[in-house]
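Peer 1: pasting a predicted model and its sequence here:
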Amino acid sequence: MAPTTTGPAPKSGRFPRTTTPPAPALAPPTVIPPALEIWAPDPPTWGQRLIPKGVRSAMADLGFWQEPRPLKPSFHLVQVIEVLTRYGWCQAFDFSPTGRMCIRGAQTFLESTGHVTTIDRGKAVNYLQSQLARQGVNMRFWEWNDLSGNNFLGVEATISAASDLARRNGE
């Protein structure tokens with residue numbers, strides 16, 4: 001932007017006083033980019049649940065349907081965190097009556113909606129188990145999820161560390 005002149009008119013031999021307006025502050029985007037909208041997907045509608053997978057695949061081949069793109073393990077674990085943040089985290093249930101989920105429930109939800117394959121989900125579970133072993137926990141992740149001393153921040157940190165481990169291994 002060009003400087004603007006402020007103050008009284010200059011007298012001979014004096015320079016005008018100029019100021020440069022401050023740069024506008026950067027604001028976060030108001031619209032989520034389409035590539036990031038899938039991080040915490042909506043549950044399938046009843047109409048989508050009633051369509052058999054073979055019919056959905058045929059519709060996708062014809063361009064009438066778009067199946068979700070499965071993510072690799074590191075991104076799947078990040079997506080699990082986003083699902084737990086959006087729908088809520090719980091203990092002792094895969095899916096609580098109020099719609100909250102535990103880690104295994106979030107993974108089941110993402111697999112059933114096509115956001116992860118069974119193989120990549122298994123790899124993500126292995127990374128999660130490896131991270132728990134690094135922390136000295138020798139139990140399955142869903143049993144660890146249900147421990148009374150756990151809270152969502154600790155669960156989120158463990159899943160995030162497992163995601164980082166998967167990312168460092170190229171997955």
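Peer 2: Nice, thanks for sending it over.

Peer 1: gap between residue 62 and residue 51?
Peer 2: 13 Å (Cβ to Cβ, to the nearest Å). Glycine gets a C-beta too; all of them are placed from N, C-alpha and C.

Peer 1: pLDDT below threshold where in this protein?
Peer 2: For the chain, the stretches flagged by pLDDT under 70 are 1-49, 65-68.

Peer 1: need the helices for it, in chain order.
Peer 2: Here the chain has its helices, by DSSP state H, at 46-50, 53-62, 73-87, 103-112, 118-134, 141-145, 152-168.

Peer 1: dump the C-alpha coordinates for the last one into CSV.
Peer 2: The C-alpha coordinates for helix 152-168 follow below in CSV (Å, rounded to 0.1, in the frame of the first residue of the first chain):
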residue,chain,number,x,y,z
PHE,A,152,-8.9,-37.9,26.5
LEU,A,153,-5.7,-35.8,26.5
GLY,A,154,-3.6,-38.9,27.3
VAL,A,155,-5.4,-41.0,24.7
GLU,A,156,-5.0,-38.3,22.1
ALA,A,157,-1.2,-38.0,22.9
THR,A,158,-0.7,-41.7,22.6
ILE,A,159,-2.5,-42.0,19.3
SER,A,160,-0.6,-38.9,18.0
ALA,A,161,2.7,-40.5,19.0
ALA,A,162,1.7,-43.7,17.3
SER,A,163,0.8,-41.7,14.2
ASP,A,164,4.2,-40.0,14.3
LEU,A,165,5.9,-43.4,14.6
ALA,A,166,3.9,-44.7,11.5
ARG,A,167,4.8,-41.5,9.6
ARG,A,168,8.6,-42.0,10.4
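
Peer 1: elements contacting it?
Peer 2: helix 73-87, helix 118-134 (3 or more Cβ pairs under 8 Å, 6 or more residues apart in numbering; DSSP states H and E).

Peer 1: so which of those helices is the most packed in?
Peer 2: Most buried of those by mean neighbour count (mean count of other Cβ atoms under 10 Å) is helix 73-87; its value is a mean of 22.

Peer 1: what's it packed up against?
Peer 2: helix 103-112, helix 118-134, helix 152-168.

Peer 1: quick one, that helix and helix 118-134 angle?
Peer 2: What separates the directions of helix 73-87 and helix 118-134 is an angle of 80 degrees, with axes from the mean of the first three to the mean of the last three Cα atoms, to 10 degrees.

Peer 1: what lies in contact with helix 73-87?
Peer 2: Outside of helix 73-87, the residues within contact range by Cβ atoms under 8 Å, 6 or more residues apart in numbering are 38-41, 71, 99-101, 103, 106-107, 109-110, 115-116, 120-121, 123-124, 127-128, 152, 155-156, 159-160, 162-164, 166-167, 171.
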